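S.K.: What follows is a predicted structure for the sequence shown.
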Amino acid sequence: MSTVASSARITMAQWRTLIEAAGQAPSPDNNQPWAFRPRGDAVEVLHCRARAIGSDVDDLFSWLAVGAAIENLCLAATRLGLTGRVEYMKRPFTETPDGERIATVEFSTGGQPDALAEWIPQRVTNRRFYKRQPLGDADLAPMIASVDGRCVHLDWLTDLPQRKRLARVVAAVDRIRFEHQPFHEEFHSVLRHSPAEEERTRDGLEVRTLELPPFGATLMRWVAPWRRMQLLNRFGMSRVFAGTSAKQVVCCGAVGLVSTTDVSDRGFLEGGRAFQRIWLAATAAGLSFQPMGGIPLFFHKLSSQGSEAFLPEHGGVLESLLPEWRELFPAAAGRTGVMLFRIGRSGGPSARSIRKHVDDIIVKDVE
């Protein structure tokens, strides 16, 4: 470690503050695939592969989550008068009993507080339907300004006709999640059907966060066995479920696509850092926000693994939709989409996901 970094002299109380902020980052299905080991005035960022999403491709979802946690670390540090310098590790990652070491963040004194840091606790996913009124340039400017010129780019769809086109793509892709048994079982494995069940694991998605219609929670519990979902799919249930996602795209003020020119671990981690800044900027502006990451993930899987990676009927659907996807986001040509999201104005969410306690994600060396 450098003598500059060691001059920060971070106390354990400060480490707890920093790591608690890191743990408030978003993650796929609230899986929280991270742990943090303070060492001197640096912290090792660990990826807990046992908590990774099984349907992930090239660790895209994990790196978005870990990147967002790294960004929270660096933002929270500015409120303590510290600046973070991130060093990404290369494969093969160093394995530890608590996870694989993905990055190290070294802190030194100096720097100015970042205004986005105060919005870390307020950031939340909101799956309600938003007002359809398109957001203007002034509304989008804070999100655009938050992307600070790394390898990450941000593109928008604001007008309603374009969002309706995207809604049809989203509905067709989303159906795959309800028609393929591994995706179905993965989704139901992260559902928590009561606050008490959520409290036991402190991860996953409590059903109230899904903003389901009346009796929706009961239906979700009933269709958890795949044989029941299979039966209902014969009568179009997958179309009904996917139709909700399509309506969400229509009922919003804008849809954003985060993409990267760097298809690597580092590029995806940087994508996660940028995505977190975008979300925090939206929170600061009083806008509701919902990530819709399954769509770019499936297209990335199609690009990297081919249609053979899907069931034949699903691979064909994705291939047929790819040209329209590219037409909707022409500026993203040559990039890899890492996250789709919608923003707009609405009431607050019915509930928010809880996080693991800081003692569950901080690794303390015993010497």
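M.R.: Okay, I see it. Numbering: from 1, shown residues only.
S.K.: list the buried ones in the host helix or strand of residue 298?
M.R.: In this structure, residue 298 is located in helix 294-305 according to DSSP states H and E. Within helix 294-305, the residues scored as buried using 16 or more other CB atoms under 10 Å are 294-302. Using the backbone N, CA and C atoms, a C-beta is placed for each residue, glycine as well.
S.K.: same question, stretch 247-260
M.R.: Within stretch 247-260, the residues that count as buried by 16+ other CB under 10 Å are 248-260.
S.K.: Okay, now the unreliable bits of this structure?
M.R.: Per-residue confidence for the chain (pLDDT under 70) gives these ranges: 1-7, 366-367.
S.K.: Go again with 80.
M.R.: When residues are selected by pLDDT under 80, those of the chain lie in 1-8, 148-150, 365-367.
S.K.: Please parse it into its domains.
M.R.: Segmentation of the chain into domains, based on automatic domain parsing, reads 3-121, 137-344.
S.K.: Which one, of these, ends up nearest to residue 361?
M.R.: Nearest to residue 361 among the domains of the chain is domain 3-121 (5.1 Å), distances taken as CB to CB.
S.K.: Distance from the chain centre to the closest one, please.
M.R.: For domain 3-121, the distance from its own C-alpha centre to the chain's C-alpha centre is 15 Å (CA atoms, centre = their mean, to the nearest Å).
S.K.: repeat for stretch 227-242
M.R.: Stretch 227-242 sits 26 Å away from the centroid of its parent chain (CA atoms, centre = their mean).
S.K.: now swap in stretch 245-261 and tell me
M.R.: 14 Å.
S.K.: of all the buried residues of stretch 247-260, which comes closest to residue 218?
M.R.: Of all the buried residues of stretch 247-260, the one sitting nearest residue 218 is residue 248; the distance, using CB to CB, is 21.4 Å.
S.K.: what ranges do the strands span in the stretch 201-350 of the chain?
M.R.: Defined through DSSP state E, counting those that start in this stretch, the strands belonging to the stretch 201-350 of the chain, from first to last, are 205-206, 254-260, 288-291, 336-344.
S.K.: Just put those in JSON lines and tack on distance to residue 16.
M.R.: Listed next are the strands of the stretch 201-350 of the chain as JSON lines, based on distance: least, CB to CB, whole Å:
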{"stretch": "strand 205-206", "distance to residue 16": "25"}
{"stretch": "strand 254-260", "distance to residue 16": "30"}
{"stretch": "strand 288-291", "distance to residue 16": "27"}
{"stretch": "strand 336-344", "distance to residue 16": "29"}
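S.K.: before we move on, back to that, contacting residues around the helix holding residue 298?
M.R.: Surrounding helix 294-305, the residues in contact under the criterion CB atoms under 8 Å, 6 or more residues apart in numbering are 55-58, 60-61, 169-170, 173-174, 176-177, 257, 259, 309-310, 315, 318-319, 322, 325, 336-340.
S.K.: ok, now which ones touch residue 347?
M.R.: Contacts for residue 347 (CB under 8 Å, 6+ apart) come out as residue 128.
S.K.: Phi and psi next, for it.
M.R.: Note on residue 347: backbone dihedrals following degrees, to the nearest 10 are phi -70, psi 170.
S.K.: For residue 26, see how far away it is.
M.R.: To residue 26, residue 347 is 20 Å away according to CB to CB, to the nearest Å.
S.K.: picking up where we left off before, restricting to C-alpha, output the helix holding residue 298 in CSV.
M.R.: Backbone C-alpha positions of helix 294-305 (Å, rounded to 0.1, in the frame of the first residue of the first chain) are rendered in CSV as follows:
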residue,chain,number,x,y,z
GLY,A,294,-33.4,-9.2,-18.6
ILE,A,295,-33.8,-7.8,-22.1
PRO,A,296,-30.2,-6.8,-22.7
LEU,A,297,-29.0,-9.9,-20.9
PHE,A,298,-30.9,-12.2,-23.3
PHE,A,299,-29.6,-10.3,-26.4
HIS,A,300,-26.1,-10.5,-25.0
LYS,A,301,-26.5,-14.2,-24.5
LEU,A,302,-27.8,-14.5,-28.1
SER,A,303,-24.8,-12.5,-29.4
SER,A,304,-22.1,-14.4,-27.4
GLN,A,305,-23.6,-17.9,-27.4
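S.K.: Could you check how far it is from the centre of its chain?
M.R.: On the basis of CA atoms, centre = their mean, helix 294-305 is displaced by 15 Å from the centre of the chain it belongs to.
S.K.: and the angle from that helix to strand 254-260?
M.R.: For helix 294-305 and strand 254-260, the angle between their directions (axes from the mean of the first three to the mean of the last three CA atoms, to 10 degrees) works out to 30 degrees.
S.K.: okay, the angle between helix 294-305 and strand 336-344?
M.R.: Taking the same axes, to 10 degrees, one finds helix 294-305 and strand 336-344 inclined to each other by 170 degrees.
S.K.: what comes into contact with the lengthiest strand in the chain?
M.R.: Among the segments of the chain that qualify as a strand by DSSP state E, the longest is strand 99-109. When contacts are defined by CB under 8 Å, 6+ apart, strand 99-109 is touched by residues 1-2, 4-5, 7-8, 10, 34-35, 41-49, 63, 66, 70, 73-74, 77, 81-89, 93-94, 265, 269.
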